[in-house]
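Q: Okay, here's the prediction I keep looking at, along with the sequence it came from:
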Amino acid sequence: MIIVVDGYNVLKQVKGAREISNSERERFIALLHQYGKLKGNKIVLFFDGGLTQWPSRERHKGIEVIYSGITQSADDCIKHYLKDHPNYDLLLVTSDHELGLWASHIQVPSINSIDFYQLMIREHSNAHTSNQQQHQGQLIKTSYESDESVDRLMQETVEVIHSKKDDIIAVPRTAVDNQRLSKKERKLLQKIKKL
């Protein structure tokens, strides 16, 4: 799947700020890179502006980053990209209502910026926890005195219950109300399961 990300839209939604610093943008790209690598999804990231008049592309930490240039907006570039890739498995990440509506007209589902960011952070955290557990090994007893309650407490402390992907996917309201999803909702649910 190719995840098309409206970069400044996500950052501004998450940070609640009008201006995004270069360091915040770099951290976001690094986080996207880790997420894409973890999930096996290609990520194409769009930002407004750039150093040239026309759109420019670069590879940055495994992410394809496209700057819109000064002649058009990132939304325009995203629309061109979606139109130019009609047979690809695409998911748009944006909270821009107009852009999301436009994408749905050409059958490209979208997910809200904050929902995607939270999902990405959760997956990154789960992977980090899983890696720690793999490298942690067994408990090492530092005292030879027998106290079963302390041993049990230590064991409970190192056990972590992982959430399943199915636990974090919100079921669309119509599924509860009508017990039947629309074609659009089924398509979005399939994309979300790949995240």
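A: That came through fine.

Q: Going by C-alpha atoms from here, please, whenever you check contacts or count neighbours.
A: Noted.

Q: Could you list the buried residues of the helix or strand harbouring S23?
A: Element membership for S23 (DSSP states H and E) is helix 22-39. Burial within helix 22-39, assessed by neighbour count using 16 or more other Cα atoms under 10 Å, is assigned to 28-36.

Q: would you put the C-alpha positions of that helix in PDB?
A: Once non-C-alpha atoms are left out, helix 22-39 reads as follows in PDB (Å, rounded to 0.1, in the frame of the first residue of the first chain):
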ATOM      1  CA  ASN A  22      12.700  22.200  10.400                       C
ATOM      2  CA  SER A  23      13.600  19.900  13.300                       C
ATOM      3  CA  GLU A  24       9.900  19.000  13.800                       C
ATOM      4  CA  ARG A  25       9.600  18.200  10.100                       C
ATOM      5  CA  GLU A  26      12.800  16.000  10.300                       C
ATOM      6  CA  ARG A  27      11.500  14.100  13.400                       C
ATOM      7  CA  PHE A  28       8.200  13.500  11.600                       C
ATOM      8  CA  ILE A  29      10.000  12.200   8.500                       C
ATOM      9  CA  ALA A  30      12.100   9.900  10.700                       C
ATOM     10  CA  LEU A  31       9.000   8.600  12.500                       C
ATOM     11  CA  LEU A  32       7.300   8.000   9.100                       C
ATOM     12  CA  HIS A  33      10.400   6.100   7.900                       C
ATOM     13  CA  GLN A  34      10.300   3.800  10.900                       C
ATOM     14  CA  TYR A  35       6.600   3.200  10.500                       C
ATOM     15  CA  GLY A  36       6.900   2.500   6.800                       C
ATOM     16  CA  LYS A  37       9.700   0.100   7.400                       C
ATOM     17  CA  LEU A  38       7.900  -1.600  10.300                       C
ATOM     18  CA  LYS A  39       4.600  -2.100   8.300                       C
END
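
Q: now for it, which elements pack on it?
A: strand 42-47, strand 63-67, helix 113-136 (3 or more Cα pairs under 8 Å, 6 or more residues apart in numbering; DSSP states H and E).

Q: Show me the contact partners of the second one.
A: The reference is to strand 63-67. 29, 32-33, 42-50, 55-59, 74 (Cα atoms under 8 Å, 6 or more residues apart in numbering).

Q: for that strand, what is the average pLDDT?
A: What strand 63-67 shows for mean pLDDT is 95.

Q: Paired strands for it, with orientation please.
A: strand 42-47 (parallel), strand 56-60 (antiparallel) (DSSP bridges).

Q: now the first one: how far from the chain's centre is it?
A: Averaging C-alpha positions (Cα atoms, centre = their mean, to the nearest Å) puts strand 42-47 11 Å from its chain's average.

Q: That one versus helix 22-39: what angle between them?
A: Taking axes from the mean of the first three to the mean of the last three Cα atoms, to 10 degrees, one finds that strand 42-47 is oriented at 160 degrees with respect to helix 22-39.

Q: buried set for stretch 65-74?
A: 65-69, 73-74.

Q: mind listing what Q53 touches?
A: Neighbours of Q53 in contact, by Cα under 8 Å, 6+ apart: 69-71.

Q: Any chance of a markdown table for those residues, columns distance to L188 and secondary structure?
A: Formatted as a markdown table, the contacts of Q53 follow (distance: Cα to Cα, whole Å; DSSP: H, G, I helix; E, B strand; the rest coil):
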| residue | distance to L188 | secondary structure |
| --- | --- | --- |
| G69 | 31 | strand |
| I70 | 33 | coil |
| T71 | 32 | coil |
